[in-house]
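Student: Next come a sequence and a model predicted from it.
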Amino acid sequence: MPGSAAVVLFWGEDEFLLRLAARERLRDRGMEPTEVDGAGWQGGETADLATPSLWGEQRALLVTGSHHLPEAGLREIQAYVTSPSPDALLVMTLVSRAKSAPPLAKRVRESGGEVRQVAMRRQDLPKWIVDRAKSRGLRLSGPAATTLMAAVGEDTAALDQATEQLAVAFAGKTVTPDDVRAQFQGLGEQRVWDLCDQALTGRLGEALVTLRGLLEAREDPLLILGGIAARLRELVRVRGLPARMPSAEAAKAAGIRFDWQVRRYRDQAGRFSEEGLASLHARVAEADRALKGGVAGDVLLPSLVAAMAGMPDAALDVPVRVSR
């Protein structure tokens, strides 16, 4: 029955939601897993699942980012899935924007495992925020959740962090829209972070809507550009690390706060060649000179965002006004 399978695969577009679902399943089963990132697969990780524990506890393995598994790692996973240990639990997350389940799902189902797509509709986000707040002992009204989305953006990881911040600031109080605005007023930096995520994953329409919101809120175009430049520098640092380096170690080496950010940045950097990232850096430098020369942000920034989204014909053919 669901919940008791020896192998579970969660797949979908949102890496944070996938990891959350995986952790909830492990917690429900009372297991603390060994965690491995697909990009850091070394080989032999599934062998521990078949080894009886000296203390009698059940063994569990969490493989995040299974879409990054090397070919040898995928073969090992497929072999284990065919005949899993009944006394162990293998949980995997796999990021995919496809409408149908990934090929690995078929192997899991055929072996009696569980496959579940994890998806979040935009209209369900406010309720999800309220529920996440409730799990932290925070009472958050529906309108406050909507206000939080307007302030922070729609990235689930950022929203989850924001609810944690509210839980600390307003413990024991019902949080209202005014409370949210007071806590996150002028939070353009986080919305720039959301803008970068949208653009660097090819979601140009969403990115342009976010950019328009930032400009309408009178956020300084130079600050927006600074956030974009900072993200590109992080992508370069992450790209320069060994692909098999575990996410936690990579986060420390790259000076990034969370290991899930490393996994996300690896995906984003993987959409570009080294030359492509260098070209984006050059565009940022051009944009900086143009903005300081007096070009309006709403004229210049959309083409840069389009280039981040992978549009080959996006260009910054904007004359730079030289101040005297």
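Tutor: Now that the structure is in, tell me what you want to look at.
Student: A229: neighbour count?
Tutor: 16 (other C-beta atoms under 10 Å). C-beta: built from backbone N, CA, C; applies to glycine.
Student: Kindly report the same for the one 5 residues further on.
Tutor: With neighbours defined by other C-beta under 10 Å, the count for E234 comes to 19.
Student: gap between it and T210?
Tutor: For E234, the distance to T210 equals 19 Å [C-beta to C-beta, to the nearest Å].
Student: Check K106 too.
Tutor: Counting by C-beta to C-beta, the gap from K106 to T210 is 37 Å.
Student: what about those two, which has more around it?
Tutor: Between K106 and T210, T210 has the larger neighbour count (other C-beta under 10 Å), namely 23 against 11.
Student: helices or strands next to the helix or strand containing the more buried one in the packing?
Tutor: According to DSSP states H and E, T210 maps onto helix 204-216. The elements that helix 204-216 packs onto, with contact taken as 3 or more C-beta pairs under 8 Å, 6 or more residues apart in numbering; DSSP states H and E, are helix 188-200, helix 221-239, helix 297-308.
Student: Please identify the most buried of these.
Tutor: Highest mean neighbour count of those: helix 188-200, a mean of 22 (counted as mean count of other C-beta atoms under 10 Å).
Student: between it and helix 221-239, how many degrees?
Tutor: 60 degrees (axes from the mean of the first three to the mean of the last three C-alpha atoms, to 10 degrees).
Student: Over to A150. Which of the three states is it?
Tutor: Under the three-state scheme (DSSP: H, G, I helix; E, B strand; the rest coil), A150 adopts helix.
Student: can you give me the helices for the chain?
Tutor: In the chain, the helices defined using DSSP state H lie at 15-28, 71-82, 103-110, 125-135, 142-152, 156-169, 177-184, 188-200, 204-216, 221-239, 247-254, 259-269, 274-292, 297-308.
Student: of the ones you listed, which approaches A39 most closely?
Tutor: Closest approach to A39 among those is made by helix 259-269 (6.3 Å; C-beta to C-beta).
Student: Residue for residue, what is the longest strand the protein has?
Tutor: Counting by DSSP state E, the longest strand found in the chain is strand 88-95.
Student: Any buried residues in that one, and which?
Tutor: By neighbour count on 16 or more other C-beta atoms under 10 Å, the buried set for strand 88-95 is A88, L89, L90, V91, M92, T93, L94, V95.
Student: want to try JSON lines for these, with pLDDT and distance to A5 as columns?
Tutor: Below are the buried residues of strand 88-95 laid out as JSON lines (pLDDT from 0 to 100; distance: C-beta to C-beta, whole Å):
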{"residue": "A88", "pLDDT": "91", "distance to A5": "11"}
{"residue": "L89", "pLDDT": "94", "distance to A5": "8"}
{"residue": "L90", "pLDDT": "95", "distance to A5": "9"}
{"residue": "V91", "pLDDT": "96", "distance to A5": "10"}
{"residue": "M92", "pLDDT": "97", "distance to A5": "12"}
{"residue": "T93", "pLDDT": "96", "distance to A5": "15"}
{"residue": "L94", "pLDDT": "96", "distance to A5": "16"}
{"residue": "V95", "pLDDT": "92", "distance to A5": "21"}
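Student: one step back: could I get the buried residue list for the helix holding T210?
Tutor: L204, E206, A207, L208, T210, L211, G213, L214, L215.
Student: G12: which of these is nearest?
Tutor: E206 (17.0 Å).
Student: Can you tell me the closest non-neighbouring residue to that closest one?
Tutor: Nearest residue to E206, sequence neighbours excluded (C-beta to C-beta, 6 or more residues apart in numbering): Q198, at 4.4 Å.
Student: same check, this time on G12
Tutor: Computed as C-beta to C-beta, 6+ apart, the closest residue to G12 that is not its neighbour in sequence is V118, at 4.1 Å.
Student: Can you report how many residues neighbour the one you found?
Tutor: Using other C-beta under 10 Å, V118 is surrounded by 18 other residues.
Student: Can you get me a residue count around the residue lying closest to A253 once chain neighbours are set aside?
Tutor: Using C-beta to C-beta, 6+ apart and skipping the chain neighbours, the partner closest in space to A253 is L241 (5.9 Å). Using other C-beta under 10 Å, L241 has 16 neighbouring residues.
Student: Brilliant, that's me finished.
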